[in-house]
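Asks: from the sequence below, what's the structure:
(chains A, B, C and D)
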Protein chains: 2
Amino acid sequence: MSQMQNVEKQLREMILGLEIGPGERLTERWIESRFGASRTPVRAALLRLETEGLVCRDGRGWTVSPINLAELEQIAVYREAVEVAAVKLTCALADRSAVDVIEAMLDSCDAGTPREEWHRVGMDFHIELARLSGNEFLFRAIRDAMTRLSRARWLEVRDEAALGRAWAEHHAILAAVRAGDADEAARLLSTHIVGSRDRLVTSLHNDRRGLRARGFAVVAA
Amino acid sequence: MSQMQNVEKQLREMILGLEIGPGERLTERWIESRFGASRTPVRAALLRLETEGLVCRDGRGWTVSPINLAELEQIAVYREAVEVAAVKLTCALADRSAVDVIEAMLDSCDAGTPREEWHRVGMDFHIELARLSGNEFLFRAIRDAMTRLSRARWLEVRDEAALGRAWAEHHAILAAVRAGDADEAARLLSTHIVGSRDRLVTSLHNDRRGLRARGFAVVAA
DNA sequence: GATACCGTTTTGGGATACCGAGCTGGTGTC
DNA sequence: GACACCAGCTCGGTATCCCAAAACGGTATC
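Replies: Below you'll find the model as predicted:
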């Protein structure tokens, strides 16, 4: 693997894993020494992460993108449009057996599963569901949107009940897709996304002082 | 303006203006000498253009992305989802007077307007309409999609009648938005996008030999 | 005449040196 | 004590150099 991909991957993981907090300043030289690469691959990695929205320019320097509540709300609207379109396409497919793989993915999470895994599977559900549509642009749009949402979802305070509800909604969506009921799948998915957004934004809004106390920049809606 | 932005802008214009043909090989050293910049900003510009889909990696090198008919069809589906969502949002706005600006933009084209201008306004119609939604993600999605479509739309053989029909559809969409009729606007926009895609793909498919003879790589659907 | 082999050249990937702008901290003046 | 100013440092932007791998071309052999 090239140095650029290496730096990009590791830096992305550090940002998504909140090892570097939202709003934190980054210098190319720090990344250079941190990952043992020279500035050329570091700069390339930063440029790519910038297009993913994980880092942004701060005047002349680089900053880990803050958590932006207004952005989260806009992404939800975007997701709703794109995911609903994707799931409708999928419902129109002759062979929808691939939903079984996604269902198995959901079922792989149980009481003993670590929180990281729940988080990852919760995102992959939407990404893989979008992939089934066969439309590369819808897929990429959702994958990128989920990447942007990743840190916020990780910070969200989710109780057991909320997680259970999300999983039930995921299962219901898959059932509708399996039945080929596009309207029902779209309705369920739409409701799920809006509900998730409300819980997410509410949770982060309530927690914003605590988050800021942890050094995380949170921009209000 | 920095060298990187300079190279990025000029190279984008050369690619979109077909001064460098789809499928053509690019070397960093050629770009370097062509624009009088060193390889660092050249590489940065290539990385950005790669995310726009205008250039792609070809093994170890760079290639101007070919015209891909399958991609054009997928983009149309993506556009339909995103643009319809955007226009529905716009219809729900209290103040929709900004449609007048877009209408004026359309009306600025007449018989004496050069083809480049028609082409640009035809794209900007969709981009500016999306911007009205106020959703940054919907806007960027459509702007980027139109960028990817730009070269194909330029190559399309469009007769006077087709242009007139497109303009009439644009006006009809604006009228529906002005009236706040979201369903009608969505229906008109959807029809417009599907119709445009059919004409575009058909035109390029019929012309593919001529295009290849001009040195343009065209990948079949 | 075709093909296999080897040296040369080209190319992208990476490392590093240099520059100028901007920030910082310390000092001197009022 | 406050503020203005300046030196030094830091940082991104750029240019350039090196390297290994791949592409190219020529030659020798069959």
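
Asks: quick one: is the helix or strand where residue A:40 lies near DNA strand D?
Replies: Residue A:40 belongs to helix A:39-51 when elements are defined using DSSP states H and E. Yes. Using CB under 7 Å from any atom of the strand, helix A:39-51 reaches DNA strand D at A:39, A:40, A:43. C-betas here are computed from N, CA, C, even on glycine.

Asks: residues in contact with that helix?
Replies: A:2-4, A:6-8, A:11-12, A:15, A:26, A:28-29, A:31-32, A:35, A:55-57, A:62, B:40, B:43-44, B:47-48, B:51 (CB atoms under 8 Å, 6 or more residues apart in numbering or on different chains).

Asks: let me know the distance separating the closest residue to residue A:13 other than its chain neighbours from residue A:12.
Replies: Once flanking residues are discounted, residue A:13 sits nearest to residue A:19: 7.9 Å by CB to CB, 6 or more residues apart in numbering or on different chains. In this view, residue A:19 and residue A:12 are 11 Å apart by CB to CB, to the nearest Å.

Asks: neighbour-wise, which of those two wins?
Replies: With other CB atoms under 10 Å in any protein chain shown as the criterion, residue A:19 and residue A:12 differ in neighbour count, and residue A:12 comes out ahead with 18 against 11.

Asks: for stretch A:98-109, buried residues please.
Replies: For stretch A:98-109, the neighbour count (16 or more other CB atoms under 10 Å in any protein chain shown) marks A:99, A:102, A:103, A:106, A:109 as buried.

Asks: that one - what's its average pLDDT?
Replies: Stretch A:98-109 carries an average pLDDT of 96.

Asks: for stretch A:26-41, same thing?
Replies: 96.

Asks: now residue A:112: which helix or strand?
Replies: Going by DSSP H and E, residue A:112 is not part of any helix or strand.

Asks: what about it, how many neighbours?
Replies: Other residues close to residue A:112 by other CB under 10 Å number 6.

Asks: any idea how far it is from residue B:180?
Replies: Residue A:112 is 53 Å from residue B:180, where distance means CB to CB.

Asks: try residue A:205
Replies: Separation of residue A:205 from residue B:180 (CB to CB) stands at 31 Å.

Asks: just the buried residues of the residues of helix A:39-51 next to DNA strand D.
Replies: A:40, A:43.

Asks: what's the closest of the residues of helix A:39-51 next to DNA strand D to residue A:83?
Replies: The closest of the residues of helix A:39-51 next to DNA strand D to residue A:83 turns out to be residue A:43 (CB to CB; 33.7 Å).

Asks: list the buried residues in stretch A:154-174.
Replies: Neighbour counts over stretch A:154-174 (16+ other CB under 10 Å) mark A:155, A:156, A:158, A:165, A:166, A:167, A:169, A:170, A:171, A:172, A:173, A:174 as buried.

Asks: repeat for stretch A:199-211
Replies: Neighbour counts over stretch A:199-211 (16+ other CB under 10 Å) mark A:199, A:200, A:201, A:203, A:204, A:207, A:208, A:211 as buried.

Asks: so where does the fourth one fall, helix or strand?
Replies: Element membership of residue A:203, judged by DSSP H and E, is helix A:182-213.

Asks: ok, residue A:170 - contacts?
Replies: A:106, A:122, A:125, A:192.

Asks: and those residues as CSV, adding distance to residue B:90?
Replies: Converted to CSV, the contacts of residue A:170 look like this (distance: CB to CB, whole Å):
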residue, distance to residue B:90
A:106, 36
A:122, 32
A:125, 31
A:192, 25
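
Asks: who wins on neighbours among those?
Replies: residue A:125 (22 neighbours).

Asks: any idea which helix or strand carries that one?
Replies: Going by DSSP H and E, residue A:125 is part of helix A:115-132.

Asks: how about that helix: buried residues?
Replies: Buried, per 16+ other CB under 10 Å, within helix A:115-132: A:118-119, A:121-132.

Asks: now do that helix against helix A:182-213, angle only.
Replies: Relative orientation of helix A:115-132 and helix A:182-213, computed by axes from the mean of the first three to the mean of the last three CA atoms, to 10 degrees: 140 degrees.

Asks: how about helix A:115-132 as PDB, C-alpha atoms only?
Replies: Only the C-alpha atoms of helix A:115-132 are listed here, as PDB (Å, rounded to 0.1, in the frame of the first residue of the first chain):
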ATOM      1  CA  ARG A 115     -20.400  -0.900  20.800                       C
ATOM      2  CA  GLU A 116     -17.900  -0.300  18.000                       C
ATOM      3  CA  GLU A 117     -19.500  -3.200  16.100                       C
ATOM      4  CA  TRP A 118     -23.000  -1.900  16.600                       C
ATOM      5  CA  HIS A 119     -21.900   1.400  15.300                       C
ATOM      6  CA  ARG A 120     -20.200   0.000  12.300                       C
ATOM      7  CA  VAL A 121     -23.100  -2.400  11.400                       C
ATOM      8  CA  GLY A 122     -25.600   0.400  11.800                       C
ATOM      9  CA  MET A 123     -23.800   2.400   9.200                       C
ATOM     10  CA  ASP A 124     -23.100  -0.500   6.900                       C
ATOM     11  CA  PHE A 125     -26.700  -1.400   6.900                       C
ATOM     12  CA  HIS A 126     -27.500   1.800   5.000                       C
ATOM     13  CA  ILE A 127     -24.400   1.600   2.800                       C
ATOM     14  CA  GLU A 128     -24.900  -2.000   1.800                       C
ATOM     15  CA  LEU A 129     -28.600  -1.500   1.200                       C
ATOM     16  CA  ALA A 130     -27.700   1.400  -1.100                       C
ATOM     17  CA  ARG A 131     -25.200  -0.800  -2.900                       C
ATOM     18  CA  LEU A 132     -27.900  -3.200  -3.800                       C
END
